[in-house]
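Asker: What shape does this take:
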Amino acid sequence: MIRKLARPLLASAFAVDGVQMLLDSKQCTDGAAKTTKVLHGVLPSAVAGFLPRDPEQAVRVTATTKVTAATLLGLGKAPRLAATVLTLIQIPTAVTRHAFWATDDAREKDSRKKGLVTDLALLGGLAITSADTAGAPGLRWRAEKAGQQVSKKVQDALPGQSEQEQFRQNVQEQAQDVLGRARDLGEQAAETVQSRASDLAGTVSDYVDDHSDEWRETAEKVGRTARKQAAQARKKAEKQAKKARKAGLLPS
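Answerer: Okay, the predicted model is just below:
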């Protein structure tokens, strides 16, 4: 019940401020220009690139965002997100709007100090609202709870100690069976190769025995033919030598 009353009251200040900024956007351009310049110098270039450089446009964007977030906060729609957005917007707004150190007028300085204190009080209310879960578990708690549930499910899905031992034993037995079969196949292959090698050696030996006489006769024939041809060549050479001596070509 308190939240239903407190949230609209807190949001009303920002909603009214956002509407006034939209109606009198030109009067807020000086402060917006200073704020935009500071933000462009502080924020990373990837983030600062989204900020409008036109002061009047920056005022309108800020005012529209402030009215939208205030409306969501007042209606209780995503109140924590709305409060966070309002906090981020209100900080630079309060600093530029109530910069009491930038004036020498005593009354103006006092007025700005009071305005800054009021904005700081509103920021405190926004900080409380952004952390208020309305009795529901927060995002961090839900994430941790979900992680615990997942971890429990994984542990439940894993086999127990006895099942792990049985699984390990089955794997060992299957591995031994595969090794035994591989050893038997190797022995059978060795026996087959040895048997075929013996058969081939016997076949070669038989072939040599069957043709050894034939090869010996052929060799003898080749030897006789070679000797006969050598004798004929020697006789022919002797005749040629005699003719050459008679002709005086060779000394007698």
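Asker: what's around residue 171, how many residues?
Answerer: Residues lying near residue 171 (other Cβ atoms under 10 Å) number 10. C-beta: built from backbone N, CA, C; applies to glycine.
Asker: same check, this time on residue 12
Answerer: Residue 12: 13 neighbours (other Cβ under 10 Å).
Asker: Going by neighbour count, which residues in the helix or strand harbouring it are buried?
Answerer: Per DSSP states H and E: residue 12 is located in helix 2-23. By neighbour count on 16 or more other Cβ atoms under 10 Å, the buried set for helix 2-23 is 7-8, 10-11, 13-15, 17-18, 21-22.
Asker: Using TSV, lay out those together with pLDDT and distance to residue 148.
Answerer: Output for the buried residues of helix 2-23, formatted as TSV (pLDDT from 0 to 100; distance: Cβ to Cβ, whole Å):
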residue	pLDDT	distance to residue 148
7	81	32
8	83	37
10	81	35
11	81	36
13	84	41
14	82	38
15	86	41
17	81	44
18	82	42
21	80	46
22	82	48
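Asker: roughly how far apart are the nearest residue to residue 86 once chain neighbours are set aside and residue 56?
Answerer: Once flanking residues are discounted, residue 86 sits nearest to residue 69: 4.9 Å by Cβ to Cβ, 6 or more residues apart in numbering. Applying Cβ to Cβ, to the nearest Å, the value for residue 69 to residue 56 is 21 Å.
Asker: Kindly report the same for residue 165.
Answerer: Distance from residue 165 to residue 56, by Cβ to Cβ: 76 Å.
Asker: And the pLDDT for residue 191?
Answerer: Residue 191 is assigned 81 on the pLDDT scale.
Asker: neighbour-wise, which of residue 165 and residue 56 wins?
Answerer: More crowded of residue 165 and residue 56, by other Cβ under 10 Å: residue 56, with 14 against 11.
Asker: still on that earlier bit, what's the closest of the buried residues of helix 2-23 to residue 185?
Answerer: Distance to residue 185, by Cβ to Cβ, is smallest for residue 7 among the buried residues of helix 2-23, at 80.8 Å.
Asker: so who does that closest one touch?
Answerer: Listed by Cβ atoms under 8 Å, 6 or more residues apart in numbering, the contact set of residue 7 reads 73-74, 76, 79, 129.
Asker: now, which of those residues sits nearest residue 185?
Answerer: Looking across the contacts of residue 7 and measuring by Cβ to Cβ, the closest to residue 185 is residue 79, at 75.0 Å.
Asker: For the closest one, which non-adjacent residue is spatially closest?
Answerer: Going by Cβ to Cβ, 6+ apart, residue 79 has residue 73 as its nearest residue, at 5.3 Å.
Asker: Tell me the buried residues in the helix or strand encompassing that neighbour?
Answerer: Secondary structure from DSSP H and E places residue 73 in helix 55-75. Across helix 55-75, burial judged by 16+ other Cβ under 10 Å covers 55, 58-63, 66-67, 69-74.
Asker: Same list (the buried residues of helix 2-23) but as TSV, adding distance to residue 96.
Answerer: Formatted as TSV, the buried residues of helix 2-23 follow (distance: Cβ to Cβ, whole Å):
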residue	distance to residue 96
7	26
8	27
10	22
11	22
13	17
14	16
15	20
17	13
18	16
21	12
22	17
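Asker: Settle this for me: residue 73 is touching residue 84, isn't it.
Answerer: No - if you go by Cβ atoms under 8 Å, residue 73 and residue 84 don't touch, sitting 10.1 Å apart.
Asker: which residues touch residue 83?
Answerer: Listed by Cβ under 8 Å, 6+ apart, the contact set of residue 83 reads 69, 73, 126-127, 129-130.
Asker: Same question for residue 14.
Answerer: 66-67, 69-70, 73, 86, 90, 122.
Asker: Of these, which pair is most distant in space?
Answerer: 67 and 122, at 15.3 Å, using Cβ to Cβ across the contacts of residue 14.
Asker: how about low-confidence regions in the stretch 151-252 of the chain?
Answerer: 151-164, 193, 197, 201, 204, 208, 248-252 (pLDDT under 70).
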